[in-house]
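**Q** Generate coordinates for the sequence data below:
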Amino acid sequence: MRPELLAPAGDLERLKVALDYGADAVYIGGPSYGLRANAVNFTMNDIKKAVSYAHSKNKKVYVTVNIILHNKELKSALKYLKELDKSGVDAIIVSDPTIIDLAHKNTKLDIHISTQQSNLNSESIKFYKSLGATRIVMGREASEKDILSIKKNVNIELECFIHGAMCASYSGRCALSNFFTGRDANRGGCAQICRWDFDLEDTNGNILKGDKKFTFSSKDLSMLKYIPNMIEDGISSFKIEGRMRSAYYLATVVSVYRRSIDSYYDHKFKYDKHDEKILDRVANRESITQFYNDDFGPDTSYYNSNGEPSNQDFLGIVKSYNKRNEIVTVEQRNFFKMGDKVTFFGPNHKDIDVELPILCNIKNKMVDTANHPQELIKFVLPEEVQKGDFMRIKIWLTKNTLCSILKKVYW
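**A** Next up, the predicted model:
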């Protein structure tokens, strides 16, 4: 059975993008009890629309209910779970045993145990299965050896992260955010203290001077090269991190992993260095395989500020395409100009590489550059694209980038 490709979605627009670009299911945050307090999140009405859209495509919606409850929230939590059940969501992602019990006894919802529980061994997974769980989201610290041992000893679905940010602590259990800012990571308020800059002091309290400030932020995760291994490990769901991520990020990452999974089943899998480069360019932090090979070490984190430079590859969104005169209208997102080499990509066609011709603004006046935020730009494009397709800088795989990718993957 093919593994599910599971993507995050911060709102309805991003949910549709994730599903259209190849995700089999999405996970979202509802109006309560999730761990993204600063996200837009879905209203109950939004959740119903999300379920309707996903089910029309024979796909699924999971809702995060992975907060740690306080006594005062017990009654309202039960009401909320019943509302989710009525809305038709396919499963809830849960951490607190109380919510597991409430959902199991009062709803028909499938129960997925959140990565917040850091499940890494067979006995803990047997325990959650006995409580009614149908799937375990593995702790991000799990190695392939852990996964294979669990699959051998417990008959239950396993979900593993394949891409995105990592927690510097056991997921969600870091108390630094609460200590420094009063924002509780277990209540959805993590301030990502691990990405702050710190001074280092010696035993006498003297500040140690260095070229950069000290941090202990984890590098991101990317499992593209190991998709065949993870399929053969028997993992049920491949999870992409990032409910706060943009539609462009989701379209890019989902489409790359969709291609990779499908190519395995078409007996054509080949680790695509160009795809790895695309994934590298869509994020601001370096990505590696982290714990999977059981070789976690000092090179998996940033101990000096990495800077996280802003990514400018995303150039625009297709607003319309006129097949009669071959004119595309693009809404600008980052600076581009005539002569730039760009790529159009979408869910229903192969990537289209072109050199930008003469540009016109919405008043049909010729312009050299598109440098006004969200202005509409028109130009001739012989190959058909569709509304909602993305335009990005053409990504080149140079000798230097190839060497850096090989070094990252093999050494």
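
**Q** Where do the helices of the stretch 201-350 of the chain begin and end?
**A** 227-232, 247-265, 273-282 (DSSP state H, counting those that start in this stretch).

**Q** which of those is buried the deepest?
**A** helix 247-265 (a mean of 21; mean count of other C-beta atoms under 10 Å). For every residue, glycine as well, the C-beta is placed using N, CA and C.

**Q** so how far is the first residue of stretch 114-127 from its last?
**A** Taking C-alpha to C-alpha, to the nearest Å, stretch 114-127 runs 14 Å from one end to the other.

**Q** buried ones in it?
**A** Buried positions in stretch 114-127, judged by neighbour count with 16 or more other C-beta atoms under 10 Å: 114, 115, 116, 117, 118, 119, 120, 122, 124, 125.

**Q** And the contacts of it?
**A** Residues from elsewhere that reach stretch 114-127 (C-beta atoms under 8 Å, 6 or more residues apart in numbering): 35, 64, 66, 93-95, 113, 128, 136-142, 146, 149-150, 153-154, 156, 161, 170-173, 186.

**Q** Contact partners for residue 110?
**A** 90, 91, 92, 134, 135.

**Q** Who is it paired with across the strands?
**A** According to DSSP bridges, residue 91 are recorded as the beta-bridge partners of residue 110.

**Q** Which pLDDT value belongs to the residue sitting nearest the centre point of the chain?
**A** The structure's the chain has its C-alpha centroid closest to residue 241; by C-alpha atoms, centre = their mean the separation is 3.1 Å. With respect to pLDDT, residue 241 scores 94.

**Q** Relative to the whole chain's centre, how far out is stretch 317-328?
**A** Centre-to-centre, stretch 317-328 and its host chain are 30 Å apart (C-alpha atoms, centre = their mean, to the nearest Å).

**Q** Any buried residues in that stretch, and which?
**A** For stretch 317-328, the neighbour count (16+ other C-beta under 10 Å) marks 317, 318, 321, 328 as buried.

**Q** just those now: which is nearest residue 7?
**A** Nearest to residue 7 among the buried residues of stretch 317-328 is residue 317, at 18.5 Å by C-beta to C-beta.

**Q** Buried only: go through the contacts of residue 110 for me.
**A** For the contacts of residue 110, buried by 16+ other C-beta under 10 Å: 90, 91, 92, 135.

**Q** how close does the last one sit to residue 92?
**A** Taking C-beta to C-beta, to the nearest Å as the criterion, residue 135 is separated from residue 92 by 11 Å.

**Q** Need the residues touching each of these two.
**A** Counting by C-beta under 8 Å, 6+ apart, the common neighbours of residue 135 and residue 92 are 110, 111, 112.

**Q** nearest to residue 218, of these?
**A** Checking the shared contacts of residue 135 and residue 92 against residue 218 by C-beta to C-beta gives residue 112 as the nearest, at 23.3 Å.

**Q** Tell me who's in contact with the nearest residue to that closest one once chain neighbours are set aside.
**A** Closest residue to residue 112 apart from its sequence neighbours, by C-beta to C-beta, 6 or more residues apart in numbering: residue 135 at 4.2 Å. Residue 135 makes contacts with 91, 110, 111, 112, 113, 156, 157, 158, 159, 236, 237, as judged by C-beta under 8 Å, 6+ apart.

**Q** Kindly report the same for residue 272.
**A** Here residue 272 is in contact with 224, 259, 260 (criterion: C-beta under 8 Å, 6+ apart).
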